[in-house]
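*Asks:* any chance you can model this:
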Amino acid sequence: MLFSCKQVSEHLSDHVDDELPPRKRWMLRLHLLMCPPCARVEHSLRRTLGALEALGRELGQDESGKRPDSGA
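*Replies:* Take a look at the predicted model:
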């Protein structure tokens, strides 16, 4: 059974973070192959996350958002 668009939206963040179990990951990927609107949302999410990571590197922050020298 394929995921619906609603199910994709509920699981997309976990998918991008590689936190979905294999079966759900494949169901979601198959939906993305067949649904251009959901594929665009995934692409946009990945671009946004990439931009945020790049900004964090520019600001000297690690992945947790903390600066290495901040002591926090």
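*Asks:* Ala39 - nearest residue in space that isn't next to it in sequence?
*Replies:* If the residues on either side of it in the chain are set aside, Ala39 comes closest to Leu32, at 4.7 Å by CB to CB, 6 or more residues apart in numbering. Where you see a C-beta, it was placed from the backbone N, CA and C, and this is true even at glycine.
*Asks:* tell me if I'm right that the one you found and Glu42 touch.
*Replies:* Yes: using CB atoms under 8 Å, Leu32 is in contact with Glu42, at 5.8 Å.
*Asks:* still on that earlier bit, and the residue nearest to Ala39, what does it touch?
*Replies:* 8, 38-39, 42 (CB atoms under 8 Å, 6 or more residues apart in numbering).
*Asks:* which of those residues sits closest to Leu20?
*Replies:* Taking CB to CB as the measure, Leu20 lies nearest Val8 of the contacts of Leu32, at 11.0 Å.
*Asks:* helices of the protein, start to end?
*Replies:* Under the criterion DSSP state H, the chain carries helices at the ranges 5-16, 22-34, 36-58.
*Asks:* quick one, the shortest one and helix 22-34 angle?
*Replies:* Think helix 5-16. 120 degrees (axes from the mean of the first three to the mean of the last three CA atoms, to 10 degrees).
*Asks:* pipe the helices of the chain into TSV and attach mean pLDDT per row.
*Replies:* Shown next, in TSV, are the helices of the chain (pLDDT from 0 to 100):
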stretch	mean pLDDT
helix 5-16	96
helix 22-34	96
helix 36-58	93
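*Asks:* in contact with the residue nearest the centre of the chain, which residues?
*Replies:* Closest to where the C-alpha atoms of the chain average out (CA atoms, centre = their mean) is Val16, at 3.0 Å. Going by CB under 8 Å, 6+ apart, Val16 touches 42, 45-46, 49.
*Asks:* of those residues, select the buried ones using a ChimeraX command.
*Replies:* The ChimeraX selection below is limited to those of these classed as buried (16 or more other CB atoms under 10 Å):
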select :42
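*Asks:* adding distance to Leu28, write the contacts of Val16 out as TSV.
*Replies:* TSV is the format used below for the contacts of Val16 (distance: CB to CB, whole Å):
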residue	distance to Leu28
Glu42	9
Leu45	13
Arg46	14
Leu49	17
